[in-house]
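J.: Provided below are the primary sequence and the corresponding predicted coordinates.
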Amino acid sequence: MKPISAALALLVCVALPAQAQNLPQAGAPIIATPVAVPASAMMTGAATSASVTAPVETPAAPAAQAATEAVPVQSMLPAAAPAPAPAPATAAVPTPAAVQAAPAAAAAEAPAASEVPASNAPRMTAGMPRLSSHSVLVINEANGAPLLEKNPDMQTPIASISKLMTAMVVLDAKQDPTEKIEVTEADVDTLRHSASRLAVGTVLTRDQMLHLALIASENRAASALSRNYPGGRVQFIRAMNRKAAQLGMTHTSFEDPTGLSSHNRSTAEDLAKMVKAAASYPLIHRITTTGEYDIRRTASVEVHRRHRHAAARHLVTREIAFHNTNQLVRENRWDIGLSKTGFINEAGHCLVMQVRIASRPVIIVLLDAYGKFDRISDARRIHQWLEAHSSVFGKEARRARAGNRLASNP
């Protein structure tokens, strides 16, 4: 058996490759042989033709392998050769036009503070109230000097604020206030399908229609008034725009008497002129500051009785209360001379008032507030601010007098 074993051992030694014959002894260190490996095989990213050096371990004896399992891989790897630097990208050569435009572009990205329009910030800055309306103008009616302003020249839809102009045109025509006017299908809102408490067929006097248009902002009442104007609604709209031109409202246009059209547009500066003019009409002053208005309405009601096929009709008369859309007219702390609200989606919530604050006549214009309570909150903040800073009236009066002197002595 011994000769056979010796022969087998000789055959094994001959068959094994040279690498196996040079196995390290137990405890000998592992020899790392560097070979070229493509970088794409070792890391993710963009493909590259550069190669890095990675070690290939020669197998160790079992005893030596057990002794080296806890050695970190990083300590076993040789320092990798630095990857070649990528070829530099070709630099873009700017054109002469681009070189000239670069300073202007940089200036456009970072405008100077002096370039910001002054109308974006209120005029008075010390202790300013925070106002949510997008366009605000508060003026001292005595001299026209602005006390607060925020985007006063922004043209925007004005919704039912238009009814102040409607009322002035109606009163300027000097028509009989007791004349009966009927609500017809022509007065129904087919643009926005707004609700109304005036049913088709309701008959009221011109004076009652005017009350409902200004107090409750009844669109059908305003429409009926315009239809019963000399020449009809077309002439009525022309009279509205003619009146606006007479008042110097150069950025204002009217398309309908109700304000339902978003083409009824104006600015806070123009509306301050309209408010001042409307406040000079005693009837508009009295109507717009009324908190509630009742009317008697008679209607034919169909009554069905049991066990009868025929229905009986009866005339029923009842009182209907219409409330002012501006809740501030019902608050005792306010001394309001004129008030009107407005709302459509395009215009936001609007409010204009002529009011006395700190014993001074003030015109307040608030346009495009987010909610109907926001315009009320803005008005209250302005009232509180003016009472706490009543000295602004004297400052603005002095500025106005100085401006008049400069204008008269160029």
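T.: Yep, it's here.

J.: How about the helix or strand containing residue 181, which residues are buried there?
T.: Applying DSSP states H and E as the criterion places residue 181 in strand 180-182. With burial defined by 16 or more other CB atoms under 10 Å, the residues of strand 180-182 counted as buried are residue 181. C-beta: built from backbone N, CA, C; applies to glycine.

J.: quick one: average pLDDT of it?
T.: When pLDDT is averaged along strand 180-182, the result is 96.

J.: Shouldn't residue 208 be within a helix?
T.: Yes. Secondary structure of residue 208 (DSSP: H, G, I helix; E, B strand; the rest coil): part of a helix.

J.: That one - nearest residue in space that isn't next to it in sequence?
T.: Counting by CB to CB, 6 or more residues apart in numbering, residue 295 is the residue found nearest to residue 208 once chain neighbours are left out, at 5.8 Å.

J.: do residue 141 as well
T.: residue 361 (3.9 Å).

J.: Need the mean per-residue confidence for the helix or strand hosting residue 139.
T.: Secondary-structure assignment from DSSP H and E places residue 139 in strand 135-140. For strand 135-140, mean pLDDT is 97.

J.: For that strand, enumerate the helices and strands it packs against.
T.: The contact analysis (3 or more CB pairs under 8 Å, 6 or more residues apart in numbering; DSSP states H and E) places strand 135-140 against strand 145-150, helix 268-279, strand 360-369, helix 372-388, helix 391-408.

J.: again, only using 7 Å
T.: With contacts taken as 3 or more CB pairs under 7 Å, 6 or more residues apart in numbering; DSSP states H and E, strand 135-140 sits against strand 145-150, helix 268-279, strand 360-369.

J.: Not counting its own residues, what contacts the strand holding residue 181?
T.: Residues from elsewhere that reach strand 180-182 (CB atoms under 7 Å, 6 or more residues apart in numbering): 201, 203-206, 209, 224, 228.

J.: tilt between the strand holding residue 139 and helix 268-279?
T.: With axes from the mean of the first three to the mean of the last three CA atoms, to 10 degrees applied, the angle from strand 135-140 to helix 268-279 works out at 50 degrees.

J.: ok, residue 376 to residue 256 distance?
T.: For residue 376, the distance to residue 256 (CB to CB, to the nearest Å) stands at 26 Å.

J.: Run a quick neighbour tally on the residue lying closest to residue 197 once chain neighbours are set aside.
T.: Of all residues beyond its chain neighbours, the one nearest residue 197 is residue 320 (6.5 Å), with distances taken as CB to CB, 6+ apart. Applying other CB atoms under 10 Å, we find 14 residues neighbouring residue 320.

J.: State whether residue 320 is indeed within a strand.
T.: Yes. Secondary structure of residue 320 (three-state DSSP): part of a strand.

J.: Let me have the helices and strands packed on strand 135-140 in CSV, adding mean neighbour count as columns.
T.: Rendered in CSV, the data for the helices and strands packed on strand 135-140 read as follows (neighbours: other CB atoms under 10 Å):
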stretch, mean neighbour count
strand 145-150, 21
helix 268-279, 24
strand 360-369, 24
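
J.: Export these to CSV and append columns for mean pLDDT and distance to residue 330.
T.: Shown next, in CSV, are the helices and strands packed on strand 135-140 (pLDDT from 0 to 100; distance: least, CB to CB, whole Å):
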stretch, mean pLDDT, distance to residue 330
strand 145-150, 94, 25
helix 268-279, 98, 19
strand 360-369, 97, 17
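
J.: Mind putting these into JSON lines with distance to residue 331?
T.: Shown next, in JSON lines, are the helices and strands packed on strand 135-140 (distance: least, CB to CB, whole Å):
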{"stretch": "strand 145-150", "distance to residue 331": "21"}
{"stretch": "helix 268-279", "distance to residue 331": "19"}
{"stretch": "strand 360-369", "distance to residue 331": "15"}
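
J.: and residue 290, that one's in a helix?
T.: No. The assignment for residue 290 is coil, going by three-state DSSP, so no helix is present there.

J.: excluding its backbone neighbours, what's nearest it?
T.: In space, residue 290 is closest to residue 215, 5.7 Å off (CB to CB, 6+ apart).

J.: okay, now the one you found: neighbour count?
T.: Around residue 215 there are 24 other residues, counting by other CB under 10 Å.

J.: same deal with residue 195?
T.: So residue 195, with other CB under 10 Å, has 7 neighbours.

J.: The one 10 residues further on now?
T.: Per other CB under 10 Å, the neighbour tally for residue 205 reads 15.

J.: beta partners for it?
T.: residue 180 (DSSP bridges).

J.: so what's the closest residue in space to residue 214 that isn't next to it in sequence up against?
T.: Closest residue to residue 214 apart from its sequence neighbours, by CB to CB, 6+ apart: residue 287 at 4.7 Å. By CB under 7 Å, 6+ apart, residue 287 lies in contact with 210-211, 214-215.

J.: Could you pick out the buried ones from those?
T.: Among the contacts of residue 287, those scoring as buried are 210-211, 214-215 (criterion: 16+ other CB under 10 Å).

J.: of those, closest to residue 283?
T.: Using CB to CB, residue 210 comes nearest to residue 283 of the buried ones among the contacts of residue 287, at 7.7 Å.

J.: Distance check, the closest one against residue 364.
T.: 23 Å.

J.: got a list of what the residue nearest to residue 141 touches?
T.: Applying CB under 7 Å, 6+ apart, we find residue 361 in contact with 141-142, 354.

J.: Recalculate using a threshold of 10 Å.
T.: Neighbouring residues of residue 361 by CB atoms under 10 Å, 6 or more residues apart in numbering: 139-142, 276, 279, 335, 337, 354-355.

J.: so which of the residues you listed comes closest to residue 179?
T.: residue 279 (25.7 Å).

J.: From what I see, that closest one and residue 167 are in contact.
T.: No. Taking contacts as CB atoms under 10 Å, residue 279 lies outside contact range of residue 167: 11.4 Å.

J.: In which helix or strand does residue 237 reside?
T.: Judged by DSSP H and E, residue 237 forms part of helix 232-246.

J.: counting contacts, what elements does the following helix or strand past that helix pack onto?
T.: Per DSSP H and E, the first helix or strand lying C-terminal to helix 232-246 is strand 265-266. Strand 265-266 sits against strand 156-157, with contacts defined as 3 or more CB pairs under 10 Å, 6 or more residues apart in numbering; DSSP states H and E.
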